[in-house]
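**Q** could you look at this predicted model? Sequence included:
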Amino acid sequence: MNDYMIWNLLYLLVFLAVIFSLWASFKVNSTFRKFSQERPRSGMTGYDAARQVLDANGLQSVRIERIAGELTDHFDPRDNVIRLSDSVYGVASTAAIGVAAHEAGHAIQYAQEYAPLKVRNAIVPITNIGSRLAIPLVLLGILFSGMGSIWIQVAYVGVACFALCVVFQLVTLPTEFNASRRAMAAIETRGMLTQQELNSSRQVLTAAAMTYVAALAVSITQLLRLLWMVQRNDRR
């Protein structure tokens, strides 16, 4: 396979991964909005669900706050707080309950020192640095590769920095899937939703998980493209 064919194949993979990412983003938003209209028989809000899951696991110290936006929900271990968006916090819907319970699942992971979460948190600082340096180093290395082999090594360092971002996203996957499993188990065990309503919440969390899979796919294809670009210049 010649360079031209490889170049086209890599760009096709990147293109397909981006399309997948756009689809995943559309899917999570449309699924969330759909089930935001479905009211649970229990009348429970996102806040109620998160609070109940936390308290059942001995995490009364974890606070729950409201934050602006939609799907901006997250658990912040530094402040020991779950922040729920306007469309989740005080809303009684199967979507809100699923999202809120998912964030409570992250709080439980943190309290129980869940291994993938510990790894992800540990590599955050170096990943942040790597994400800022990766592309500039690759571009500089390729641009000045004719001035000496040292510049190709600079480009390879850039590729390694980008690889750190891929590792971070890879470790994120089990963390997100595990939080969703914990959420579904807690919702079912505590009878927050009926079986039909539970399926609705599961669809929301599954759609959300696909965005992380899509992001990883985009990063892997970009990593392959960057690596091939550097290797091609290295052979010259």
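**A** Done, it's in.
**Q** use CA for all of it now, contacts and neighbours both
**A** Noted.
**Q** tell me the contacts of the residue nearest in space to the middle of the chain?
**A** For the chain, residue 212 is the residue whose C-alpha lies nearest the centre (Cα atoms, centre = their mean; 4.1 Å). Residues near residue 212 by Cα atoms under 8 Å, 6 or more residues apart in numbering: 169, 172-173.
**Q** that one: which element?
**A** helix 195-235 (DSSP states H and E).
**Q** what's the distance between that helix and the middle of its chain?
**A** 9 Å (Cα atoms, centre = their mean, to the nearest Å).
**Q** same check on stretch 136-147?
**A** 31 Å.
**Q** now find how far off-centre stretch 100-113 is within its chain.
**A** Using Cα atoms, centre = their mean, the offset of stretch 100-113 from its chain centre is 15 Å.
**Q** which residues touch that stretch?
**A** Outside stretch 100-113, the residues that reach it (Cα under 8 Å, 6+ apart) are 46-47, 49-51, 53-54, 57, 59, 62, 73-75, 77, 82, 84, 88-89, 117-118, 175, 178-180, 182-184, 186-187, 205.
**Q** go on, stretch 115-134?
**A** 109-110, 157-162, 164-165, 168, 171-172, 174-175.
**Q** at 10 Å instead, please
**A** With contacts defined as Cα atoms under 10 Å, 6 or more residues apart in numbering, stretch 115-134 is touched by 77, 106, 109-110, 113, 137, 154-176, 178, 226.
**Q** tell me which residues in that stretch are buried?
**A** Using 16 or more other Cα atoms under 10 Å as the test for burial, stretch 115-134 gives 116-117, 120-121, 127, 130-131, 133-134.
**Q** and if you look at stretch 64-83?
**A** Buried positions in stretch 64-83, judged by neighbour count with 16+ other Cα under 10 Å: 64, 66-67, 71, 73-76, 80-83.
**Q** which of these lies closest to residue 27?
**A** Nearest to residue 27, judged by Cα to Cα, of the buried residues of stretch 64-83 is residue 71 at 12.9 Å.
**Q** report the contact partners of residue 197.
**A** Per Cα under 10 Å, 6+ apart, neighbours of residue 197: 35, 38-41, 93-95, 97-98, 203.
**Q** make it 8 Å
**A** 40, 94.
**Q** how near is it to residue 137?
**A** According to Cα to Cα, to the nearest Å, residue 197 stands 50 Å off from residue 137.
**Q** cool, and residue 218?
**A** To residue 137, residue 218 is 20 Å away according to Cα to Cα.
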